[in-house]
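Enquirer: I need the structure of the sequence given here:
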Amino acid sequence: MMSGTATVSPPQADGWAMFNVDPFLAQRVVRYHHKHGFRCAVETGTFKGHTTVGLAKLFPKVYTIEFDEALYQQTTPRFDVYHNVTALHGNSPEVIQRILPELDYPLFVYLDAHWNTYWPLRDELTPLLSVKRPKLIMIHDVRVPGRSFGYDAYAGRPCDLDLIGDLLSHDECRYAFNDRTAPNSANRGVLFIEHLLD
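Expert: Residues are numbered from 1 along each chain as shown. Predicted structure coming up:
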C-alpha cells in the first residue's frame, strides 16, 4: 500500500504542528490513510510548511501550493530534505488544473488557502471533483454544526457545506466533520469529503 520512506504513524517532531497543532486531526487522517491507502497529497496554503512536513511523512508524494511569493521563498528551503515534496508558487486553482495529470489516486487533498481577499475554495474544488477518481478532500476552517470550533467567513458567508454544496455530486460523496479538537490547538472546524471512495 505504501512506498518509499512514508510511515502510517502520526507524524512526530518536525511534522507534529500540522493542521494548526491538532494531533486529533493528524490521527484521523492516518485512519483514513489506513483505510484508503492514499498515493499522493495536494495541499493549498503552504504557509510555514508545518502541515506539508507532516504530509511528507505520511504520503509518497506531496504537492504544496502557496500564492504569497514571500512566504513561498521563505518556506521552500524547509523541504530540501523531503524529496517527495514539490513546492509550487501560484494561484491554487490554476496550479491544481496544471498538475492534475501528474496526480496519483487515491488522492488526499487538504484545502487551507482561504485567508486572502479572493477565496479560491470553490475554484479549487471544481477541477478536483471533475476527475472521477477516488479522493478525500479535507477543508480547514469550516463551521461545524452544533460545535463551537472556529471557522472562516467570506463576503459575509460562513465557510460551511452550504457554501460549496452546489458543486458536489452528492451521490458520489460522503461527508463528515471533526467532532473534537486537541487541547492547545487552534480549535478549528474541518469538513471531510470522501469522493468516490468505498
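Enquirer: helix or strand right after the helix or strand bottoming out on mean pLDDT in the chain?
Expert: The weakest-scoring helix or strand in the chain, judged by mean pLDDT, DSSP states H and E, is strand 153-154 (a mean of 90). Following strand 153-154 in sequence order, the next helix or strand is strand 157-158 (DSSP states H and E).
Enquirer: heading C-terminal from that next one, find the next helix or strand.
Expert: helix 161-164.
Enquirer: rounded mean pLDDT for the helix or strand following that next one, please.
Expert: Sequence order places strand 173-177 as the next helix or strand after helix 161-164, per DSSP H and E. In this model, strand 173-177 has a mean pLDDT of 97.
Enquirer: which outside residues touch the helix or strand following strand 173-177?
Expert: Later in the chain than strand 173-177, the nearest helix or strand by DSSP H and E is strand 190-195. The contact list for strand 190-195, computed with CB atoms under 8 Å, 6 or more residues apart in numbering, reads 19, 25, 28, 32, 128-129, 134-142, 144, 160-161, 168-169, 172-178. C-betas here are computed from N, CA, C, even on glycine.
Enquirer: just how off-centre is strand 190-195 within its chain?
Expert: Averaging C-alpha positions (CA atoms, centre = their mean, to the nearest Å) puts strand 190-195 10 Å from its chain's average.
Enquirer: selection in ChimeraX covering whichever of the contacts of strand 190-195 are buried, please.
Expert: Command for ChimeraX, covering only those of the contacts of strand 190-195 found buried under the criterion 16 or more other CB atoms under 10 Å:
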select :19,25,28,32,128,129,134,135,136,137,138,139,140,141,142,144,160,161,168,177,178
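Enquirer: what helices or strands is the longest helix along the chain leaning on?
Expert: Determined from DSSP state H, the single longest helix within the chain is helix 23-36. Applying 3 or more CB pairs under 8 Å, 6 or more residues apart in numbering; DSSP states H and E, one finds that helix 23-36 contacts helix 18-21, strand 107-111, strand 135-140, strand 190-195.
Enquirer: surely Met138 and Leu55 touch.
Expert: No - checked against CB atoms under 8 Å, the pair Met138 and Leu55 is beyond contact range at 10.6 Å.
Enquirer: overlap in contacts, the two.
Expert: Phe108, Tyr110.
Enquirer: show me where the protein dips below the pLDDT cut-off.
Expert: Within the chain, the stretches falling below the threshold (pLDDT under 70) are 1-16.
Enquirer: mind redoing it with 90?
Expert: Applying pLDDT under 90 to the chain flags residues 1-17, 113-118, 154-156, 170, 198.
Enquirer: point to the residue nearest the middle of it.
Expert: Closest residue to the average C-alpha location of the chain: Tyr110 at 0.7 Å, with CA atoms, centre = their mean.
Enquirer: returning to that earlier point: off-centre distance for the least confident helix or strand of the chain?
Expert: Distance, centroid of strand 153-154 to centroid of chain: 18 Å (CA atoms, centre = their mean).
Enquirer: great, nothing more from me.
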